[in-house]
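> predicted coordinates and the sequence they were generated for:
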Amino acid sequence: MKSEGMIELNQELFIAAGIYCECYENPSNKHECIKIPLEGKKASKRLKEDISYYAKLHKRKVSLGYVADYLGECQTSLGKGYIYECVRDYDLAVSRRLQHYLDTDDIEKDVLYHKMEELAHYLLGHKILISDLHARNILIQLSAEGDIKPVIVDGIGDRVAIEFMNKLPGAVEAKITRRWNRFAQKVMGGRALLPSK
Ligand SMILES: Nc1ncnc2c1ncn2[C@@H]1O[C@H](COP(=O)(O)OP(=O)(O)OP(=O)(O)O)[C@@H](O)[C@H]1O
Ligand SMILES: [Mg+2]
């Protein structure tokens, strides 16, 4: 039986999967995708933590230019789903992962690293913490003019937060810089680093 407002998902709408969830196109809106947590408590817990961090960002009215926004919950034929902005290129193809562009020469590395540095400064400037920075959680959006923009689709927030520590002056910035630079060392050979104090 189909219930009112239930979104029917099928393999044709499947975009990609990570370890914790599967991502589908919203059949009624190409610019939205629906994440379905895979079996197990941990997947739902992680998604809920991400969502509570989005609530904080919404409250702070942070501009989400480089982060795919969270839009709300829904019921689907595969269970409860979480709706996000879907990151697509100018030709409407779902944007590819940073990992793809690191593995290929589709985009000149200097251009790619320069844009990644912009992303790092955006995160620092808006005090946005990322707990799970890796090359499959960032998509590279291509524009018709040949411009590119990295967009974070997963892993925002601070999973290991000791809340009061983040209230100390400069603590959040230091954490963002530390995490970013660890990531930049690992996947970009130390390019696009943030200056550490
Ligand atoms: N907003 C989005 N727009 C387009 N594609 C997306 C979006 N969100 C996720 N994807 C695709 O789906 C994949 C899996 O999504 P996501 O990273 O959220 O899953 P996960 O299981 O939490 O990942 P991880 O294995 O990193 O924990 C991503 O790597 C990306 O390819
Ligand atoms: Mg992921």
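Looks like it arrived, so ask away. Ligands and ions are numbered 1, 2, ... in the order given.

> how about the strands in this protein?
14-17, 21-26, 29-37, 70-76, 79-85, 96-97, 138-142, 148-152 (DSSP state E).

> in contact with the closest residue to Gln99 other than its chain neighbours: list those residues for me.
Leaving aside its chain neighbours, Gln99 sits nearest to Ala135 (3.9 Å; criterion: CB to CB, 6 or more residues apart in numbering). Placement of C-beta: from N, CA and C, glycine included. Going by CB atoms under 8 Å, 6 or more residues apart in numbering, Ala135 touches 97-99, 102, 187.

> tell me the domain boundaries of the chain?
When the chain is parsed with automatic domain parsing, its domains come out as 11-85, 96-188.

> for Ser63, grab phi and psi.
phi -70, psi 130 (degrees, to the nearest 10).

> so for it, what's the pLDDT?
Looking at Ser63, its pLDDT is 95.

> ok, it to ligand 2 distance?
Distance of Ser63 to ligand 2, given as CB to the ion, to the nearest Å: 23 Å.

> that older thread, now mean neighbour count and mean pLDDT too, for the strands of the chain, in JSON lines please.
Output for the strands of the chain, formatted as JSON lines (neighbours: other CB atoms under 10 Å; pLDDT from 0 to 100):
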{"stretch": "strand 14-17", "mean neighbour count": "14", "mean pLDDT": "98"}
{"stretch": "strand 21-26", "mean neighbour count": "20", "mean pLDDT": "97"}
{"stretch": "strand 29-37", "mean neighbour count": "19", "mean pLDDT": "97"}
{"stretch": "strand 70-76", "mean neighbour count": "15", "mean pLDDT": "97"}
{"stretch": "strand 79-85", "mean neighbour count": "19", "mean pLDDT": "97"}
{"stretch": "strand 96-97", "mean neighbour count": "18", "mean pLDDT": "98"}
{"stretch": "strand 138-142", "mean neighbour count": "23", "mean pLDDT": "98"}
{"stretch": "strand 148-152", "mean neighbour count": "20", "mean pLDDT": "98"}
